[in-house]
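> pasting the structure only:
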Ligand SMILES: N=c1c2ncn([C@@H]3O[C@H](COP(=O)(O)OP(=O)(O)OP(=O)(O)O)[C@@H](O)[C@H]3O)c2ncn1[C@@H]1O[C@H](COP(=O)(O)O)[C@@H](O)[C@H]1O
């Protein structure tokens with residue numbers, strides 16, 4: 001089991017925990033809009049770290065970003081496997097080719 005899969009399992013267990021003892025449960029109690037807001041904040045902090053921060057900053061903010069994405073996916077009932085399957089489906093198709101086909105339709 002890799003790190004993201006283990007974290008996904010932990011988040012699934014913590015979603016229904018006591019919000020006084022679990023950050024994941026607290027986010028779940030606040031609802032999907034709050035989770036989405038946190039994800040947006042972490043994305044912005046990742047961007048800032050990439051442009052103006054150190055490598056350590058970028059790693060730390062990227063971890064926050066992935067964690068908050070997994071929390072939102074878990075709360076919305078989307079399994080990490082489903083996202084991986086979408087990436088697998090795209091494997092081998094150049095982003096440039098996909099974009100060109102899209103605008104031709
Ligand atoms: N990986 C993480 C993780 N990464 C970041 N965070 C928390 O995410 C929060 C948000 O970070 P911010 O920088 O925005 O902090 P903040 O300003 O205090 O946030 P807000 O007050 O705005 O919510 C912080 O409290 C971090 O501790 C995490 N909290 C939990 N996990 C994992 O989730 C598991 C379950 O956690 P609990 O649900 O708390 O038991 C843990 O064992 C970890 O494996």
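On my side now, so go ahead. What you see is a predicted model; the values in this text were computed from it and never measured.

> could you use CA atoms for every contact and neighbour count after this?
OK.

> and the worst-scoring helix or strand of the chain on mean pLDDT, how far out from the chain middle?
Lowest mean confidence among the helices and strands of the chain (mean pLDDT, DSSP states H and E): helix 95-104, at a mean of 84. Distance, stretch centre to chain centre, for helix 95-104: 25 Å (CA atoms, centre = their mean, to the nearest Å).

> could you do stretch 41-60 as well?
15 Å.

> now look at that stretch and say if it contacts the ligand.
No. Using CA under 6 Å from any ligand atom, stretch 41-60 never reaches the ligand; the gap is at least 7.1 Å.

> repeat that for stretch 26-40.
No. Stretch 26-40 stays clear of the ligand (CA under 6 Å from any ligand atom), getting no nearer than 6.8 Å.

> show me the contact partners of that stretch.
15, 16, 18, 19, 20, 65, 68, 69, 71, 72, 75, 76 (CA atoms under 8 Å, 6 or more residues apart in numbering).

> tell me the buried residues in that stretch?
26, 27, 28, 29, 32, 35, 36, 38, 39 (16 or more other CA atoms under 10 Å).

> for the residues you listed, work out which two are farthest apart.
Pairwise distances across the buried residues of stretch 26-40 (CA to CA) peak at 15.8 Å, for the pair 29 and 39.

> from one end of stretch 5-21 to the other, what's the distance?
22 Å (CA to CA, to the nearest Å).

> can you report how many residues lie near residue 12?
Neighbour count for residue 12, taken as other CA atoms under 10 Å: 19.
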